[in-house]
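*Asks:* for reference, the sequence and a predicted model appear below.
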Amino acid sequence: MARILVQGDDLVVRLPWWEKAAARRGNVRTPLAAVRRVTVEPAWWRALRGVVLHGVWIPGVLCVGTRGHPGGQDFVAVRPGRPVVCVELRPTAPFSLLAVSARDDAEVMAERLRRCTPDNDTSTPWRQPLPAAEETENSWRALTREPRRRRRRPRPASTARRGHAPKSLQVRAADRRPVHGR
């Protein structure tokens, strides 16, 4: 199971070898200065945003890897039945959120991370929602698809016109034998 550590001036999510293979990446390292807010999500599934880009998602069992959404990318290492420590990052970081299931007490781990970060936003104990695309009067039209027009493939020269065979295979009407060498 993944662990969140502080090493020097970096926040490190250390993954065991099988989670590295599942996530298709190594340990995640980001500077402590990039941490904006640390929260605890008691329901593990609420930490998941967007769709899986790289990694493994087995519903009800495990979610490890990178997830993409309109606000950026998240790195998650989550298991059901455990609270999740969510670390929101500033835009300069490679991810917008790190979500890791806690082995031990999640509140203690989150408080330890809050003390280590220099510029922690403590205005609210909850994560901020994803930014939504601005809706306009015609924005729904971008979601509808135009029907695809069927594109004709060019035919080979031997069958360019229907009913006309190449000269080497033409047959005389009189004897219905192939004519060669014309």
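*Replies:* Done, it's in.
*Asks:* the chain: helices as residue ranges?
*Replies:* Taking DSSP state H, the helices of the chain run over residues 17-23, 106-116.
*Asks:* and Glu101, how far from Arg29?
*Replies:* You called it Glu, but residue 101 is Ser. 19 Å (C-beta to C-beta, to the nearest Å). Every residue, glycine included, has its C-beta placed from N, CA and C.
*Asks:* who has more neighbours, these two?
*Replies:* Ser101 (23 against 13; other C-beta atoms under 10 Å).
*Asks:* what are the bridge partners for the more buried one, then?
*Replies:* Val84 (DSSP bridges).
*Asks:* contacts only, for Val61.
*Replies:* By C-beta atoms under 8 Å, 6 or more residues apart in numbering, the contact set of Val61 is Arg79, Pro80.
*Asks:* list phi and psi for it.
*Replies:* phi -120, psi -50 (degrees, to the nearest 10).
*Asks:* hey, least reliable of the helices of the chain by pLDDT?
*Replies:* Looking at the helices of the chain, the lowest mean pLDDT belongs to helix 17-23 (a mean of 79).
*Asks:* what residues does that helix touch?
*Replies:* Against helix 17-23 from outside (C-beta under 8 Å, 6+ apart): 1-2, 15, 26-27, 54-56, 62, 64-66, 75, 77.
*Asks:* let's see that with 7 Å instead.
*Replies:* Outside of helix 17-23, the residues within contact range by C-beta atoms under 7 Å, 6 or more residues apart in numbering are Ala2, Leu15, Gly26, His54, Gly55, Val56, Val64, Gly65, Ala77.
*Asks:* least confident of those?
*Replies:* Among the contacts of helix 17-23, pLDDT bottoms out at Ala2, giving 81.
*Asks:* and for the nearest residue to it once chain neighbours are set aside, the neighbour number?
*Replies:* Using C-beta to C-beta, 6 or more residues apart in numbering and skipping the chain neighbours, the partner closest in space to Ala2 is Ala77 (3.6 Å). For Ala77, the neighbour count with other C-beta under 10 Å is 26.
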